[in-house]
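In: Give me a model of this one.
(chains A and B)
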Number of protein chains: 2
Amino acid sequence: MQNIKTIEGGVCAAKGFRAGGIWCGIKASPHKRDLALIYSETACVSAAVFTTNRVKAAPVIVTQEHCKDARIRAVIANSGNANACTGREGLVSARRMASLIANEFAIPVRNVAVASTGVIGIPLPIAAIEAEISALADSIRADVSGNESTLEAIMTTDTRKKSSAVEINVHGHPVRIGAIVKGSGMVHPNMATMLCFITTDAAIEQSALSVALKDAVRSSFNRLSIDGVTSTNDMVIVMANGRAENQKIALDNEYFAIFSTALRSLCVELVRQAAQDGEGATKLIVVTITGARDEETAEALAKSVASSNLVKTAAFGADANWGRVVCALGYAGVSFEPDHVNIAFSSKKGSISVCKNGQTIPFSEENAKNILLEDEIEINISIGNGPSTVTVWGCDFSYDYVKINGDYRT
Amino acid sequence: MQNIKTIEGGVCAAKGFRAGGIWCGIKASPHKRDLALIYSETACVSAAVFTTNRVKAAPVIVTQEHCKDARIRAVIANSGNANACTGREGLVSARRMASLIANEFAIPVRNVAVASTGVIGIPLPIAAIEAEISALADSIRADVSGNESTLEAIMTTDTRKKSSAVEINVHGHPVRIGAIVKGSGMVHPNMATMLCFITTDAAIEQSALSVALKDAVRSSFNRLSIDGVTSTNDMVIVMANGRAENQKIALDNEYFAIFSTALRSLCVELVRQAAQDGEGATKLIVVTITGARDEETAEALAKSVASSNLVKTAAFGADANWGRVVCALGYAGVSFEPDHVNIAFSSKKGSISVCKNGQTIPFSEENAKNILLEDEIEINISIGNGPSTVTVWGCDFSYDYVKINGDYRT
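Out: Take a look at the predicted model:
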């Protein structure tokens, strides 16, 4: 297997990418950055995946248009306001964000992506963004900003900065892929995902980049569930500027698998970080279905378990209530043989079998509790002898989820 | 419109039905009844609807078999143990429950329905039930028990006794329909419903009873969502013994509409009671979609809103966060025009428009909060000029939901 090396730098790890974040006044507190920029010094090919919510925020509509050229090389993103359900004015504001950056760097406006995250239905204070756009651009030019401040500027209820970067070797050339991600609520696998911006210095055909992204998202972001809510604003964008000067990666050459695997592992790492930082989450839940007849069946079952409010509250209480796991399998909408279900709970404290052939087996509640008290727990479910295995990531459901969302706007 | 009179007596309101509940030792505390019986002195026709969960509890499997004859006249139900995921032994126990009652009253075993509710995956203590079966039967014979104790005996995390009864007039004869219901968690409209037992002294063709029940369930229990979880044990059974001696109700006569309307209104009343008693619920949420092109569209949209964890937590916080309502519409999986969406929040404190044509409109946050602080709130959403209107019932999501479910078994 190709060696994938974890490196520092996040979204700035790849050659020729700069990024920064400032406070422009969308968030009330000047200690909270709210406007971010990611920029490639040279032209890029790009690929993107968007929310499947029928109500699309203005920045999603604008960025979808711009992405048709697949030449995105800059992303401007704000937090504190989603610019969703804001009508014609919202669209004008989203376009304005893109053109402000295009003007600053003298690049075509269609090379700029726009993203917003925050409260829905409040007009975006575009004047605040306009007033600070030069400061934002200057921070990039002077290289005084970086991955950390960019991350800060896209966070809403996120409590952790979520980023990662890897380096691979393509025919003797080091190639870097880095990313930042935000999102801890309104996250559910029926859609693209939350906001995720990926940069790479790989030289790669656009078609290969597009396939690699779709594949990576399918087995990472689309298998993450925090609260069952699919947002209006989600997007994942990857930009590749070729600065690594590697042999060009294409769908029909050997380098594609190397790149694709690295991108997927990067996305899985981000998903793990996002699930751990789910609103009010106290633990990461990793649900794996094995022995399914096909991937669709495995995925439907795993998602149903990871999304169950009853499984999530049981995990919060470290309660080995496997009946709720079986129940969630049962309403997943796919067929399976209940009598062939085996369930085990695992963590670094060990593993315990709790259900065999769909029935209760004797187990030590004390051991089970001990295992489930860890901050990363696995629910491993085998449902037969089929060839397919799927893993889905989620988090538990705590008092704090209710607290955070009971009065988010005030 | 036919007059539907609310009467006392719940499941015992109809002529010739007796019911009772005792403690047999499934629940730890002798102060909590756990075994219930509903019995008609004379033969019945019956109809039933069951869970759509692929994992069906043993009592569901047995009762489905017995219901094929459509002659159910007795229901034995226990709480404290779901007898689900209990394998062959569980089936033996469920059959035993039915036959114990059949023996006591010298009726065919296939005239007895069995229901269980409680924790999944623990063997049912059938010996405890056997030991107390005569006491249960005697309490019915002596008529010392009744609606209240029956209700108590089917409750788990329910905090309120949920029952209702109505009287209608069929060609000069008073006809009564009464019911009890349990369920406050694991309740979601993708399935039949929780446990609900309905008795009526109507003389009615089985075919008419069956159609009336399906129709009533479709627009009541199947439009109730508490926590998005579809249980393994749910069932609704209606038994009709004809003791009212009315002109026989049939699909092709005028009495059908009278009976059907009354049954539906009874079920809606029970659904409202159940939603109000949702686990940890502090308020009833009534979501109505108007102007939809068809009923399926309206129902999908209304359910998506009522099931959204973010809408539910906002309701708990009395936060007029209508953006979450729009977001939930957007991922409902049906098409509609976001620009035609109007949203208003209402309660007995008044009504307030918060979104017009998919966009924010100015409104008083203080008034909105005041309206949303009530214990019954309406979310009224018009999505166009279509002919269809659907109402769905749900509840808010509080700290107590997490508390109740974080450690249910201990």
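In: tell me the contacts of residue A:376?
Out: A:276, A:283-284, A:286, A:347-348 (C-beta atoms under 8 Å, 6 or more residues apart in numbering or on different chains). In this view, the C-beta of every residue, glycine as well, is placed from N, C-alpha and C.
In: Would you mind checking those residues for buried ones?
Out: Buried by 16 or more other C-beta atoms under 10 Å in any protein chain shown: A:276, A:283-284, A:286, A:347, out of the contacts of residue A:376.
In: And the residue of the stretch 1-150 of chain A found nearest chain B, how far from residue B:323?
Out: Using C-beta to the nearest C-beta, the closest approach of the stretch 1-150 of chain A to chain B is made by residue A:120 at 2.5 Å. Using C-beta to C-beta, to the nearest Å, we find residue A:120 at a distance of 2 Å from residue B:323.
In: Touching both of these two, which residues are there?
Out: Joint contacts of residue A:120 and residue B:323 (C-beta under 8 Å, 6+ apart) are A:82, A:84-85.
In: Could you list which of those also contact chain B?
Out: Among those, proximity to chain B is found for A:82, A:84-85 (C-beta under 8 Å from any C-beta of the partner chain).
In: closest to residue A:105 among these?
Out: Distance ranking of these against residue A:105, using C-beta to C-beta, places residue A:82 first at 25.3 Å.
In: Sticking with residue A:107, tell me its helix or strand.
Out: Assigned by DSSP states H and E, residue A:107 belongs to no helix or strand.
In: Tell me the backbone dihedrals of it, please.
Out: Phi and psi for residue A:107, reported as degrees, to the nearest 10, are phi -120, psi 160.
In: burial of it, as a residue count?
Out: 17 (other C-beta atoms under 10 Å in any protein chain shown).
In: cool, and the one 5 residues further on?
Out: Residues within reach of residue A:112, counting by other C-beta under 10 Å, total 28.
In: so how far is residue A:163 from it?
Out: On the measure of C-beta to C-beta, residue A:112 and residue A:163 end up 21 Å apart.
In: In a helix, residue A:306, correct?
Out: Yes: assessed with DSSP: H, G, I helix; E, B strand; the rest coil, residue A:306 lies in a helix.
In: so who does it touch?
Out: Applying C-beta under 8 Å, 6+ apart, the residues near residue A:306 are A:225, A:285, A:287, A:392-394.
In: so what's it closest to, chain neighbours aside?
Out: In space, and not counting its chain neighbours, residue A:306 is closest to residue A:394: 3.6 Å by C-beta to C-beta, 6 or more residues apart in numbering or on different chains.
In: Residue A:63 now?
Out: Nearest to residue A:63 is residue A:113, by C-beta to C-beta, 6+ apart, at 4.5 Å.
In: Kindly report the same for residue A:295.
Out: Residue A:295's closest residue in space is residue A:388 (C-beta to C-beta, 6+ apart), at 4.8 Å.
In: Could you give the bridge partners of the one you found?
Out: residue A:292 (DSSP bridges).
In: Correct me if wrong: it contacts residue A:288.
Out: No: judged on C-beta atoms under 8 Å, residue A:388 makes no contact with residue A:288 at a distance of 11.1 Å.
In: distance of the residue of chain A positioned farthest from its centre from chain B?
Out: For chain A, the residue at maximal distance from the C-alpha centroid (C-alpha atoms, centre = their mean) is residue A:362, at 38.8 Å. Residue A:362 sits at a distance of 11 Å from chain B (criterion: C-beta to the nearest C-beta, to the nearest Å).
In: which SS class is that residue?
Out: Three-state call for residue A:362 (three-state DSSP): coil.
In: how about the strands of the stretch 301-410 of chain A, start to end?
Out: A:342-347, A:350-356, A:359-360, A:376-382, A:388-395 (DSSP state E, counting those that start in this stretch).
In: for those strands, which one sits closest to residue B:6?
Out: strand A:359-360 (43.5 Å).
In: in its sheet, what does the closest one sit against?
Out: When DSSP bridges is applied, strand A:359-360 pairs with strand A:350-356 (antiparallel).
In: Identify the residues contacting the strand it pairs with?
Out: Contacts for strand A:350-356 (C-beta under 8 Å, 6+ apart): A:320, A:322, A:325-326, A:341-346, A:360-361, A:363-364, A:367-368, A:370-371, A:380, B:85, B:121.
In: Drop anything exposed from those.
Out: A:320, A:322, A:325-326, A:341-346, A:360, A:363, A:368, A:371, A:380, B:85, B:121.
In: residue ranges of the helices in chain A, please?
Out: A:58-67, A:87-105, A:126-141, A:147-154, A:206-218, A:255-276, A:295-307, A:309-316, A:322-330, A:365-372, A:399-406 (DSSP state H).
In: Of all the ones you listed, which one is nearest residue B:96?
Out: Of all these, helix A:322-330 comes closest under C-beta to C-beta, at 21.5 Å.
In: What are the contacting residues of that closest one?
Out: A:301, A:304-305, A:307-308, A:310-311, A:314, A:336, A:338, A:341, A:343, A:345, A:354-355, A:358, A:379, A:381, A:383, B:53-56, B:82, B:84-85, B:119-121, B:186, B:229-232.
In: now do 7 Å
Out: Outside helix A:322-330, the residues that touch it by C-beta atoms under 7 Å, 6 or more residues apart in numbering or on different chains are A:301, A:304-305, A:308, A:310-311, A:314, A:336, A:341, A:343, A:354-355, A:379, A:381, B:53-55, B:84-85, B:119-121, B:229, B:231-232.
In: hang on, the earlier thing: from the contacts of residue A:376, pick the one nearest chain B.
Out: The closest of those, once distances to chain B are taken by C-beta to the nearest C-beta, is residue A:283, at 12.2 Å.
In: Relative to residue A:316, how far out is the residue nearest to residue A:389 when sequence neighbours are not counted?
Out: Nearest non-adjacent residue to residue A:389, counting by C-beta to C-beta, 6+ apart: residue A:290, 4.7 Å away. Residue A:290 is 25 Å from residue A:316, where distance means C-beta to C-beta.
In: And the two? Which one has more around it.
Out: Per other C-beta under 10 Å, whichever of residue A:290 and residue A:316 has more neighbours is residue A:316, with 26 against 19.
In: Touching, that one and residue A:397? I think so.
Out: Yes: contact criterion C-beta atoms under 7 Å: residue A:316 and residue A:397 qualify, at 5.7 Å.
In: Now do the shared contacts for these two.
Out: residue B:402.
In: Walk me through the domains of chain A.
Out: A:5-275, A:284-406 (automatic domain parsing).
In: Including mean pLDDT, could the ones you listed go into a markdown table?
Out: Shown next, in a markdown table, are these (pLDDT from 0 to 100):
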| stretch | mean pLDDT |
| --- | --- |
| domain A:5-275 | 91 |
| domain A:284-406 | 91 |
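In: Number of residues surrounding residue A:141?
Out: Residue A:141 has 15 nearby residues by other C-beta under 10 Å.
In: Just give the nearest non-adjacent residue to it, would you?
Out: Nearest one to residue A:141, counting by C-beta to C-beta, 6+ apart, is residue A:18 at 7.8 Å.
In: Next up, the contacts around that neighbour.
Out: By C-beta under 7 Å, 6+ apart, the neighbours of residue A:18 are A:12, A:39, A:140, A:143.
In: Tell me who's in contact with the residue nearest to the first one when sequence neighbours are not counted.
Out: Going back to what we said before, that points to residue A:12. Using C-beta to C-beta, 6+ apart and skipping the chain neighbours, the partner closest in space to residue A:12 is residue A:147 (4.8 Å). With contacts defined as C-beta under 7 Å, 6+ apart, the neighbours of residue A:147 are A:9-12, A:19, A:163, A:180.
In: With respect to residue A:247, which of those residues is nearest?
Out: Out of the contacts of residue A:147, the member with the shortest distance to residue A:247 (by C-beta to C-beta) is residue A:9, at 23.3 Å.
In: Who is the nearest residue to that closest one once chain neighbours are set aside paired with across the strands?
Out: With sequence-adjacent residues excluded and distances taken as C-beta to C-beta, 6+ apart, residue A:9 is closest to residue A:165, at 5.2 Å. When assigned by DSSP bridges, residue A:165 has beta-bridge partners residue A:178.
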